[in-house]
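Peer 1: what shape does this take:
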Amino acid sequence: MPLILAGLDVAAMARTGSGKTAAFLVPMLQRLRHRDPGAGIRALILSPTRDLATQTLKFTHQLGKFSDLKTGLIVGGGSMESQFEVLADNPDIIIATPGRFEHILSMVDDLSLRSVEYVVFDEADSLFSLGFAEQLHKILHKLSDTRQTLLFSATMPKALAEFAKAGLRDPQVIRLDLDKKISPDLKLAFFTLRQEEKLAALLYLVRERISSEEQTMIFVSTKYHVEFLNILFREEGLEASLSYGAMDQEARTIHISRFRARKTMLLIVTDVAARGLDIPLLDNVVNWDFPAKPKLFIHRVGRVARQGRTGTAFTFVTSEDMPFLLDLHLFLSKPLRPAPTEEELLKDMDGMNLKINQSLADGETIYGRFPQTILDLCSDGVKEVISGCTDLIALEKPCANAFRLYLKTRAMPSKESVRRAKDLPREGLHPIFRDVLRPDEISAIAFSERLKSFRPKQTILEAEGEAARSRSSKVMHCCILFS
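Peer 2: Down below sits the predicted model:
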């Protein structure tokens with residue numbers, strides 16, 4: 001912030017939730033100070049999505065509550081007439097999405113941006129990944145050379161770096177080392193399970209482990225899964241909000257607003273729809289599908305445990321996801337260990353619990369299984385709900401097809417992690433379930449796991465063959481004795 005207040009151009013690498021919005025709004029309000037109706041537009045903030053632009057507008061009003069500065073919003077999805085009225089009010093600050101703003105610029109010949117002295121490119125990597133490069137260059141050419149320009153981005157791809165060179169004057173580069181860090185107040189829970197068990201596991205978490213007073217964001221891979229989970233929750237008497245890229249803009253805005261107002265406590269999203277979406281007081285994140293890249297994981301869970309609050313990130317891990325889990329912890333430089341098996345717990349329950357608690361206190365991550373009894377019980381209920389709902393039945397095939405496509409197109413884990421994943425020791429129940437199961441139930445699970453892991457030294461055919469050879473040998477021996 002001192003560099004911005006000093007009037008310097010700044011390129012800052014910072015992800016959502018790092019406080020960057022305040023970092024550019026406070027200096028802007030300090031610089032503009034009072035309304036100047038005759039000066040024209042003096043500050044321009046460009047955001048990649050309507051949701052982010054609307055959030056920034058709301059935050060601007062909150063911070064500038066005692067200022068007479070006038071702010072206007074120009075985004076896609078609204079009527080052109082209402083947005084021409086915004087410009088007619090001659091605002092001091094414009095917050096806009098580049099597509100709609102450049103379109104209006106092309107329609108109004110006498111709309112000048114030469115008075116703009118403060119420009120912000122927010123979530124600049126998303127601006128480029130969403131295809132706004134051409135509009136950004138056109139807007140840039142209409143601005144004064146004396147402006148102060150700020151660029152905020154989670155990453156710095158080549159095209160964005162070139163844009164920064166052209167649009168910023170001797171910028172001060174600030175890199176917040178947040179892409180490799182997660183909040184120390186964030187609890188991580190990794191559950192190993194099969195793909196077909198995720199529905200049961202999610203319903204159990206939402207009903208039994210997550211408080212009804214906590215807000216939770218659930219990340220899934222495709223829009224079909226968003227719709228499927230929403231309908232399943234509805235059939236189970238749970239109300240959720242949802243958001244995905246292809247969703248009708250008005251419906252999306254309504255759903256997000258209801259979640260912000262805490263009228264719903266669950267928000268089901270895809271990564272595309274969640275770009276720039278900032279929910280300050282979020283309590284939990286659920287990764288239904290494991291993110292293929294470590295930075296994507298950090299961006300998801302970075303929405304939780306902020307501003308001195310605690311929170312939890314629950315992540316489902318299938319056997320195919322284990323290499324990604326290893327890659328993530330290499331990236332985080334964070335130790336990873338399996339939960340102790342039921343056999344180990346039965347031998348020394350108190351000692352194992354102390355060891356688990358110490359590992360967690362030391363910053364290690366522990367992954368473990370869901371109790372199979374819970375999954376089986378919940379799975380039976382889920383199957384019954386699906387079989388009785390035509391909407392869910394109709395979505396099963398699109399979900400399966402979309403997920404297959406997702407698996408084909410997601411990034412691959414490192415070869416070393418693929419190799420290491422094959423040699424990982426067997427994990428026990430996740431520590432979060434210590435309060436759910438009695439010692440006799442743990443003993444039963446241990447016996448069941450021994451049966452599963454039992455591998456006979458011979459197959460049935462090999463054993464029968466050896467027995468036959470033994471009988472033959474005995475017959476031959478008898479014949480020799482009596483001959």
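Peer 1: where does the stretch 351-483 of the chain have low pLDDT?
Peer 2: 436-483 (pLDDT under 70).
Peer 1: for it, what spans make up the helices?
Peer 2: Counting by DSSP state H, counting those that start in this stretch, the stretch 351-483 of the chain has these helices, from start to end: 372-387, 390-409, 415-422, 439-453, 460-482.
Peer 1: beta partners for the residue nearest to residue 175 when sequence neighbours are not counted?
Peer 2: Excluding its sequence neighbours, the residue lying closest to residue 175 (Cβ to Cβ, 6 or more residues apart in numbering) is residue 13, at 4.7 Å. (C-beta placed from N, C-alpha, C; glycine too.) Under DSSP bridges, the beta-bridge partners of residue 13 are residue 153, residue 175.
Peer 1: gap between residue 13 and residue 171?
Peer 2: 12 Å (Cβ to Cβ, to the nearest Å).
Peer 1: how about the contacts made by residue 271?
Peer 2: Residue 271 makes contacts with 219, 291, 296, 300, as judged by Cβ atoms under 8 Å, 6 or more residues apart in numbering.
Peer 1: do that again at 10 Å, thanks
Peer 2: 219, 220, 221, 244, 245, 289, 291, 296, 299, 300 (Cβ atoms under 10 Å, 6 or more residues apart in numbering).
Peer 1: what number of residues lie near the first one?
Peer 2: What that stands for is residue 219. Here the number of neighbours of residue 219 (other Cβ atoms under 10 Å) works out to 26.
Peer 1: my read: it touches residue 285, true?
Peer 2: Yes - look at residue 219 against residue 285 with Cβ atoms under 10 Å: they come within range, at 6.9 Å.
Peer 1: is the spatially most central residue of the chain within a helix or a strand, and which one?
Peer 2: Most central in the chain under Cα atoms, centre = their mean is residue 300, positioned 2.8 Å from the mean C-alpha point. Using DSSP states H and E, residue 300 sits within helix 294-301.
Peer 1: what's the end-to-end length of stretch 330-345?
Peer 2: 28 Å (Cα to Cα, to the nearest Å).
Peer 1: residues of that stretch that come out buried?
Peer 2: 332, 336, 337, 338, 339, 340, 341, 342, 343, 345 (16 or more other Cβ atoms under 10 Å).
Peer 1: and the third one, helix, strand or coil?
Peer 2: Spelled out, that is residue 337. strand (DSSP: H, G, I helix; E, B strand; the rest coil).
Peer 1: what's across from it in the sheet?
Peer 2: Taking DSSP bridges as the rule, residue 337 bridges to residue 366.
Peer 1: how near is it to residue 259?
Peer 2: In terms of Cβ to Cβ, residue 337 sits 35 Å off from residue 259.
Peer 1: quick check: the farthest pair among the buried residues of stretch 330-345?
Peer 2: Greatest spatial distance among those (Cβ to Cβ): 332 and 343, at 29.7 Å.
Peer 1: which residue ranges make up the domains of this protein?
Peer 2: Listed domain ranges for the chain are 2-175, 186-453 (source: automatic domain parsing).
Peer 1: mean confidence for the shortest one?
Peer 2: Spelled out, it's domain 2-175. Domain 2-175 comes out with an average pLDDT of 87.
Peer 1: may I have the distance across it, first residue to last?
Peer 2: OK, domain 2-175 end separation, Cα to Cα: 15 Å.
Peer 1: what pLDDT, on average, does the host helix or strand of residue 344 get?
Peer 2: Assigned by DSSP H and E, residue 344 falls within helix 342-347. The pLDDT scores in helix 342-347 average 74.
Peer 1: now for it, which elements pack on it?
Peer 2: Packed against helix 342-347 by the contact rule (3 or more Cβ pairs under 10 Å, 6 or more residues apart in numbering; DSSP states H and E) you find helix 349-361, helix 439-453.
Peer 1: picking that back up, shared neighbours of residue 219 and residue 285, anything?
Peer 2: Contacts common to residue 219 and residue 285, judged by Cβ under 10 Å, 6+ apart, are 297, 300, 301, 313, 315.
Peer 1: close enough to count as contact, the second one and residue 219?
Peer 2: Yes - using Cβ under 10 Å, residue 300 makes contact with residue 219 at a distance of 5.6 Å.
Peer 1: list residues touching both of the two?
Peer 2: 269, 271, 274, 285, 286, 287, 291, 313, 315.
Peer 1: between the residues you listed, which is nearest residue 80?
Peer 2: residue 274 (28.2 Å).
Peer 1: that closest one contacts residue 252, correct?
Peer 2: No - look at residue 274 against residue 252 with Cβ under 10 Å: they stay out of range, at 11.5 Å.
Peer 1: now the common contact residues for the two.
Peer 2: By Cβ under 10 Å, 6+ apart, residue 274 and residue 252 have these common neighbours: 49, 51, 243, 244, 245.
Peer 1: list only buried entries from those.
Peer 2: Applying 16+ other Cβ under 10 Å to the shared contacts of residue 274 and residue 252 flags 49, 51, 243, 244, 245 as buried.
Peer 1: so what's the second one up against?
Peer 2: The one in question is residue 51. Contacts for residue 51 (Cβ under 10 Å, 6+ apart) come out as 75, 97, 243, 249, 252-253, 256, 273-278.
Peer 1: switch to 6 Å and redo it
Peer 2: residue 277 (Cβ atoms under 6 Å, 6 or more residues apart in numbering).
Peer 1: and it, what element?
Peer 2: helix 50-63.
Peer 1: look up phi and psi at residue 45.
Peer 2: Dihedral angles of residue 45 (phi, psi; degrees, to the nearest 10) stand at phi -120, psi 120.
Peer 1: let me fix that, I meant to ask about residue 87.
Peer 2: Dihedral angles (degrees, to the nearest 10) for residue 87: phi -70, psi -30.
Peer 1: ok, now how distant is it from residue 304?
Peer 2: Counting by Cβ to Cβ - residue 87 and residue 304 are separated by 39 Å.
Peer 1: tell me which of these two has more neighbours.
Peer 2: Neighbours around residue 87 and residue 304, counted as other Cβ under 10 Å, are more numerous at residue 304. The numbers are 26 against 15.
Peer 1: am I right that that one is in a helix?
Peer 2: No - counting by three-state DSSP, one finds residue 304 to be coil, located in no helix.
Peer 1: excluding chain neighbours, what is closest to it?
Peer 2: Residue 304 sits nearest to residue 311 (Cβ to Cβ, 6+ apart), 3.4 Å away.
Peer 1: per-residue confidence for the one you found?
Peer 2: Note for residue 311: predicted pLDDT of 93.
Peer 1: residues near it, how many?
Peer 2: Around residue 311 there are 21 residues (other Cβ under 10 Å).
Peer 1: cheers, nothing more for now.
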